[in-house]
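**Student:** I would like to see how this sequence folds:
(2 chains)
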Amino acid sequence: NAGVTQTPKFRILKIGQSMTLQCTQDMNHNYMYWYRQDPGMGLKLIYYSVGAGITDKGEVPNGYNVSRSTTEDFPLRLELAAPSQTSVYFCGSRGQETQYFGPGTRLLVL
Amino acid sequence: KQEVTQIPAALSVPEGENLVLNCSFTDSAIYNLQWFRQDPGKGLTSLLLIQSSQREQTSGRLNASLDKSSGRSTLYIAASQPGDSATYLCAVISSGSARQLTFGSGTQLTVLP
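**Tutor:** Numbering: from 1, shown residues only, chains lettered A, B, ... in the order given. As a prediction, the model looks like this:
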């Protein structure tokens, strides 16, 4: 039981490039989330999903897209990367009550 | 819009002290409240979850309380140890269908040996 896994762990992008952050959970959770954490701050919600095929925007969705074709996977797509997207990205999932998080992806946009 | 505030932003204590971390939130219509620990460069580890109908939860040396009416939660750490050094995040879980979390900025705790 791996919990929530994220890849890659670290990535450097040039301005204007695109990439997909991968997230997988093996707990059969319906709820999945993407958050970003800027230095010295708490986490802010980017997108969330309440089940396969259903996604919705969070607090800071601009510049990102998501899809949820299976229960296990919830990838986050960055189109036209900007320096403001430099952050640490956490994927999470929720079962009955407790929220679980992956180890994070550190993204640097130069 | 829910806002979560954690005070203090940083705290340094000698080993063995008991300490309290504070969390306040603006909208009392919450589903749950969860405390997390985050080590530098690492992900989040869930410490305690308090359901909105509960007043407190305990796990080992940790005790978390919740007062919904006043919009406050505290995390009490007994007999602190250097291994407790980390950032502690409070997150309020909304009552909506998404059950999304709204986080505070965290309290950075340093326990000195």
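**Student:** all contacts plus neighbour counts: C-alpha atoms, from now on.
**Tutor:** Fine.
**Student:** centroid-nearest residue for chain A?
**Tutor:** In chain A, the C-alpha nearest the mean C-alpha coordinate belongs to residue A:34, at 3.4 Å (CA atoms, centre = their mean).
**Student:** tell me the strands beside the helix or strand hosting residue A:46, with direction?
**Tutor:** Assigned by DSSP states H and E, residue A:46 belongs to strand A:43-51. Sheet pairing of strand A:43-51 (DSSP bridges) gives strand A:31-37 (antiparallel), strand A:54-57 (antiparallel).
**Student:** check the nearest residue to the residue nearest to the centre of chain A once chain neighbours are set aside and give its pLDDT.
**Tutor:** Distance criterion CA to CA, 6 or more residues apart in numbering or on different chains; nearest residue to residue A:34, sequence neighbours excluded, is residue A:91 at 4.6 Å. At residue A:91, the model reports a pLDDT of 96.
**Student:** now residue B:72, nearest residue through space, not along the chain?
**Tutor:** residue B:24 (4.4 Å).
**Student:** what are the contacting residues of the helix or strand of chain A with the lowest mean pLDDT?
**Tutor:** Ranked by mean pLDDT, DSSP states H and E, the weakest helix or strand in chain A is strand A:99-101, scoring a mean of 89. For strand A:99-101, contacts defined as CA atoms under 8 Å, 6 or more residues apart in numbering or on different chains pick out A:3-4, A:90-94, B:43-46.
**Student:** quick one: the nearest residue to residue B:98 once chain neighbours are set aside from residue A:2, how far?
**Tutor:** In space, and not counting its chain neighbours, residue B:98 is closest to residue A:50: 6.6 Å by CA to CA, 6+ apart. Using CA to CA, to the nearest Å, residue A:50 is found at 21 Å from residue A:2.
**Student:** so between those two, which is more surrounded?
**Tutor:** residue A:50 (20 against 9; other CA atoms under 10 Å in any protein chain shown).
**Student:** tell me the contacts of the more buried one?
**Tutor:** Residue A:50 makes contact with A:30-32, B:98, according to CA under 8 Å, 6+ apart.
**Student:** OK, contacts around residue B:51?
**Tutor:** For residue B:51, the contacting residues are B:31-33, by CA under 8 Å, 6+ apart.
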